[in-house]
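>>> 3D model of this:
(one chain, ligands or ions: 1)
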Amino acid sequence: MSKDAPAFFIAMDPTTDKSLVEFRHVAFGYDSRAILNDVSFAVPRGKVTALMGASGGGKTTVLRLVGGQIRARRGEVLVNGQDVGKLDAAGLYAVRRRMGMLFQFGALFTDMSVFDNVAFPLREHTNLPESLIRDIVLMKLDAVGLRGARELMPSEVSGGMARRVALARAIALDPDLVMYDEPFAGLDPISLGTAARLIRQLNDTLGLTSIIVSHDLEETFRIADHVIILANGGIAAQGRPEDVRRSEDPLVHQFVNALPEGPVHFHYPAMTVEDDFGNSHGGRA
Ligand SMILES: Nc1ncnc2c1ncn2[C@@H]1O[C@H](COP(=O)(O)OP(=O)(O)OP(=O)(O)O)[C@@H](O)[C@H]1O
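Numbering: from 1, shown residues only. The predicted structure is shown next:
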């Protein structure tokens, strides 16, 4: 990085390490309930990785482990070679600054204009002068096609536009990694296609690494370089979309073909049906 580069600019790590994020034998559970058992995978640097799997399988949990909001019970969660689970508050802050997070409905601040929403992280995390913030915000809004919408309030933009504003905000600080949790939820097919192409395009033009959690198989397989399928607490498959699609593993087959029956559990763990509805209530079953 040149010494004249503005302070907010964080160069890509020059290391030759091919993965930006790596899970090594990670186990995690909420209370006594195990969610991930011995999970290992790598997210290749500069690529779009899709994290998919059955509902409740732990995809959002994986994102929260990467962001350091929760810590693994066992194993390592490496981001740029650092174990996020072992960082103190300052270390975690530094790692998080290099991540953009985009959650389901964008969660824009409703009392701020589109411009101020995108400016927010810059005002919070940097000491840049307003004139430079303005240029950066307009650049980010331009990247998502909304430079002309800067004065609008969130209530005045469509769902698809709101998602794009949230995306501009997520990339405001020039992150290395952007994590999207269900970025297509609730979008009509045209907005969905636009959002997907935008994620791909921003990844490539800004040199990002992207992780997308999504249920939209077709669109996600179309834009992803790498797919990881999470099921029953482990990794059912990972690889290029075309390879995962061809997998003959019954679990993966069930998932990529959206079959209701198969090895992926439909039920949240519960006591047996007999115990729940059975004779304990005087034979009501
Ligand atoms: N804070 C929490 N406390 C207790 N259990 C939780 C908590 N957050 C998630 N869970 C449980 O952990 C499991 C995994 O949740 P997670 O949100 O990671 O799944 P997911 O794969 O993202 O699901 P979906 O695709 O439905 O969003 C779920 O069964 C959920 O009920």
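>>> could you point out which residue ranges in the stretch 151-285 of the chain have low pLDDT?
259-270, 278-285 (pLDDT under 70).
>>> try it again at 50.
The stretch 151-285 of the chain contains residues with pLDDT under 50 at 282-285.
>>> show me where it has its strands.
Secondary structure of the stretch 151-285 of the chain by DSSP state E, counting those that start in this stretch: the strands cover 177-181, 209-213, 226-231, 234-239.
>>> tell me which of those strands is the most buried.
strand 209-213 (a mean of 25; mean count of other CB atoms under 10 Å). (Each C-beta comes from the backbone N, C-alpha and C, glycine too.)
>>> okay, residue 221 and residue 229: tell me how far apart.
11 Å (CB to CB, to the nearest Å).
>>> what do the two both touch?
residue 244 (CB atoms under 8 Å, 6 or more residues apart in numbering).
>>> ranges for the helices of the stretch 151-285 of the chain?
159-170, 189-205, 217-223, 241-246, 250-256, 273-277 (DSSP state H, counting those that start in this stretch).
>>> what's the last one packed up against?
Using 3 or more CB pairs under 8 Å, 6 or more residues apart in numbering; DSSP states H and E as the contact criterion, no helix or strand is in contact with helix 273-277.
>>> list the contacts for residue 46?
By CB under 8 Å, 6+ apart, the neighbours of residue 46 are 203, 207, 208, 209.
>>> sheet-wise, list the partners of the strand or helix carrying residue 21 with their directions.
Under the criterion of DSSP states H and E, residue 21 resides in strand 19-30. Paired strands of strand 19-30, with direction, are strand 33-44 (antiparallel), strand 74-79 (antiparallel) (DSSP bridges).
>>> ok, and what's touching that strand?
Contacts of strand 19-30 (CB under 8 Å, 6+ apart): 34-45, 58, 61-62, 65-66, 70, 72-80, 176-177, 209, 211.
>>> what bits of the stretch 1-150 of the chain have low per-residue confidence?
Confidence mapping of the stretch 1-150 of the chain against pLDDT under 50 gives the ranges 1-16.
>>> residues near residue 21, how many?
Residues lying near residue 21 (other CB atoms under 10 Å) number 24.
>>> please name the bridge partners of it.
residue 43, residue 79.
>>> close to the ligand: what parts of the chain are there?
30, 35, 53, 55, 56, 57, 58, 59, 60, 61 (CB under 6 Å from any ligand atom).
>>> what's the farthest-apart pair in the residues you listed?
30 and 53 (17.0 Å; CB to CB).
>>> those two - which one has more neighbours?
Legend: neighbour count by other CB under 10 Å for residue 30 and residue 53, higher for residue 53 (24 against 10).
>>> ramachandran coordinates for that one?
phi 150, psi 180 (degrees, to the nearest 10).
>>> ok, the one 4 residues further on next?
Comment: the main-chain dihedrals of residue 57 come out as phi -80, psi -10, following degrees, to the nearest 10.
>>> can you tell me which residues contact the residue nearest to residue 233 when sequence neighbours are not counted?
Nearest non-adjacent residue to residue 233, counting by CB to CB, 6 or more residues apart in numbering: residue 37, 4.3 Å away. Residue 37 makes contact with 27, 233, 234, according to CB under 8 Å, 6+ apart.
>>> okay, now the residue nearest to the first one when sequence neighbours are not counted: neighbour count?
In this case it means residue 27. Excluding the flanking residues, the one nearest residue 27 by CB to CB, 6+ apart is residue 74, at 4.1 Å. Applying other CB under 10 Å, we find 13 residues neighbouring residue 74.
>>> what of the one 3 residues further on?
For residue 77, the tally of surrounding residues (other CB under 10 Å) stands at 24.
>>> now residue 157: phi and psi?
Residue torsions, per degrees, to the nearest 10, at residue 157 are phi -110, psi 160.
>>> which residues touch the residue lying closest to residue 192 once chain neighbours are set aside?
Computed as CB to CB, 6+ apart, the closest residue to residue 192 that is not its neighbour in sequence is residue 184, at 4.7 Å. Neighbouring residues of residue 184 by CB under 8 Å, 6+ apart: 192, 195, 196, 214, 216, 219, 220.
>>> noted, bye for now.
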